[in-house]
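> Model the structure of this input:
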Amino acid sequence: MKRNKKIIVTSHCVLNQNAVVAELARSNGVMTSVIEWSHEQGYGIIQLPCPEFTFLGPERPPMTVEQYDTPEFHAHNRKILAPVIEQLQVYQNHGYTIVGGLGIAGSPSCDPGKGVFMQDLLDMANEADVHIDFFWQIPNTVEGHFDPTDDKSIFGPITADRKTSATSRQANDLNN
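Numbers count the residues shown, from 1 in each chain. Sure thing, here's the model as predicted:
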């Protein structure tokens, strides 16, 4: 058996840039640097659904965290995340490790520290006792190149007090 039973969860657009707001796409398809790294690590990948795409469609305008932070969007997130959380529970209950998640720095939905969708994912994971304790991120740059040895690609540990962790990380980003 070649399985190492290690999995990461990743934002939808890492594997499908067609879901991104058109002018913000960083690749014409998949972000190959993430695929190559995941393969080298032996990680399986669980692709999260794209909440913005399923909520507003492919021709949506760019929006902010505040614009997405609505009861309707949170309800939508919980609905589309329920099957993912169930799948992660099954993996975890059968001895698999969810080594972490991969988000998109600066995304109003998928930024590991402030994204509305990621916060809902982490809340639901916590409620279900699913452990996602560390995040990497696609840097908020034009090319968006993922390099796990670069600090810009590492968000870091997710603590029980995520808002404190996110605030500390944002302060650190401003100082660098």
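
> Mind listing what's buried along the strand ranked longest in the chain?
In the chain, taking DSSP state E as the definition, the longest strand is strand 97-104. By 16 or more other CB atoms under 10 Å, the buried positions in strand 97-104 come out as 98-104. For glycine as for every other residue, the C-beta is placed from the backbone atoms N, C-alpha and C.

> Alpha carbons of that strand, as CSV, please.
Output of strand 97-104 as CSV, limited to C-alpha atoms (Å, rounded to 0.1, in the frame of the first residue of the first chain):
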residue,chain,number,x,y,z
THR,A,97,-4.0,13.2,9.1
ILE,A,98,-5.2,16.5,7.8
VAL,A,99,-1.8,18.2,7.7
GLY,A,100,-3.3,21.6,6.9
GLY,A,101,-5.0,23.8,4.5
LEU,A,102,-4.0,26.1,1.6
GLY,A,103,-5.7,29.4,1.2
ILE,A,104,-5.3,32.5,-0.9
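
> Which other helices and strands does that strand contact?
Here strand 97-104 touches strand 6-10, helix 12-15, helix 71-93, helix 116-127, strand 134-138, going by 3 or more CB pairs under 8 Å, 6 or more residues apart in numbering; DSSP states H and E.

> could you redo the last one with a cut-off of 6 Å?
strand 6-10, strand 134-138 (3 or more CB pairs under 6 Å, 6 or more residues apart in numbering; DSSP states H and E).

> which of those strands sits most buried?
Burial of the helices and strands packed on strand 97-104 is given as mean neighbour count (mean count of other CB atoms under 10 Å); strand 134-138 ranks first at a mean of 24.

> Let me see the residues that make contact with the longest strand of the chain.
Defining contact as CB atoms under 6 Å, 6 or more residues apart in numbering, one finds that strand 97-104 is touched by 6-11, 110-112, 118, 132, 134-138.

> just how off-centre is it within its chain?
Centre-to-centre, strand 97-104 and its host chain are 7 Å apart (CA atoms, centre = their mean, to the nearest Å).
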